[in-house]
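Colleague: no FASTA, just this:
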């Protein structure tokens, strides 16, 4: 059986994970609470179609579809502390798409416009021969602020950072208190990354 410390087995985020993801991404807690994380094999298209080695995820509406490698008990579904950090990094990006999906609307036409907006941005960058066709697009850069904040926050500690360990252990109150104590730094990091130029591709989402 796969395990991922930031998730409950019904596909919801744990309270500890929600506290950290809210702090780094600014996504409303109610929206994080409504989100569902599912394996790609659970949708009829089996999307996204990233190769197993690369992995990745796709957010549609309030559902985030992760590729199979994230649910592999011998890999990122092992429940290890290292896997927890990997999940948090990727979730910090994917939850950034949730407010975007809300802006377009949860009905079918809204979801179609949401998908078309991404395709249009990728296509324009490709046609103009701009670098980082995927990750340089405005919607992807907006969504990625949370992940960049989290990376700066933990610096070289990675999974050894106390706030990552608190999420791994499910200590929501510890995460809440830590984020409150570092709220000024978190805000500064958010401003910094909101203003950054397009960087090298690494989103895989």
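Modeller: In hand now; what should we look at? None of these values were measured; they are calculated from a predicted model. Residues are numbered from 1 along each chain as shown.
Colleague: Report the distance from the lowest-mean-pLDDT helix or strand in the chain to the chain centre.
Modeller: Of all the helices and strands that make up the chain, helix 108-127 has the lowest average by mean pLDDT, DSSP states H and E, namely a mean of 88. Put simply, helix 108-127 sits 19 Å off its chain's centre (C-alpha atoms, centre = their mean, to the nearest Å).
Colleague: So which other helices or strands are in contact with that helix?
Modeller: Here helix 108-127 touches strand 57-60, helix 97-104, helix 138-143, going by 3 or more C-beta pairs under 8 Å, 6 or more residues apart in numbering; DSSP states H and E. Placement of C-beta: from N, CA and C, glycine included.
Colleague: repeat that for 7 Å
Modeller: Under the contact definition 3 or more C-beta pairs under 7 Å, 6 or more residues apart in numbering; DSSP states H and E, helix 108-127 sits against helix 97-104, helix 138-143.
Colleague: Dump these to a markdown table, plus distance to residue 65.
Modeller: Formatted as a markdown table, the entries for the helices and strands packed on helix 108-127 read as follows, by distance: least, C-beta to C-beta, whole Å:
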| stretch | distance to residue 65 |
| --- | --- |
| helix 97-104 | 11 |
| helix 138-143 | 15 |
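Colleague: Now render these as a markdown table, adding mean neighbour count.
Modeller: Putting the helices and strands packed on helix 108-127 into a markdown table (neighbours: other C-beta atoms under 10 Å) gives the following:
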| stretch | mean neighbour count |
| --- | --- |
| helix 97-104 | 18 |
| helix 138-143 | 18 |
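Colleague: In TSV: the ones you listed, plus mean pLDDT.
Modeller: Compiled in TSV, the helices and strands packed on helix 108-127 are given as follows (pLDDT from 0 to 100):
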stretch	mean pLDDT
helix 97-104	94
helix 138-143	92
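Colleague: So which of these is nearest residue 157?
Modeller: Judged by C-beta to C-beta, the one of these that comes nearest to residue 157 is helix 138-143, at 24.1 Å.
Colleague: Indicate which one of the helices and strands packed on helix 108-127 is closest to residue 79.
Modeller: Nearest of the helices and strands packed on helix 108-127 to residue 79, taken as C-beta to C-beta: helix 97-104 at 24.6 Å.
Colleague: Quick one: distance of the closest one to the chain centre.
Modeller: On the basis of C-alpha atoms, centre = their mean, helix 97-104 is displaced by 13 Å from the centre of the chain it belongs to.
Colleague: who's in contact with it?
Modeller: Contacts with helix 97-104, where a contact means C-beta atoms under 7 Å, 6 or more residues apart in numbering, come from 27, 31, 35, 59, 61, 62, 110, 113, 114, 139, 143.
Colleague: Equivalent analysis for stretch 135-150, please.
Modeller: Contacts of stretch 135-150 from elsewhere in the structure, counted by C-beta under 7 Å, 6+ apart, are 21, 24-25, 88-89, 92-93, 95-97, 100, 117-118, 121-122, 125, 130, 134, 186, 189-190, 193-194, 198, 201-203.
Colleague: same thing but 8 Å
Modeller: 20-21, 24-27, 88-90, 92-97, 100, 117-118, 121-122, 125, 130, 134, 186, 189-190, 193-194, 196, 198-203, 205 (C-beta atoms under 8 Å, 6 or more residues apart in numbering).
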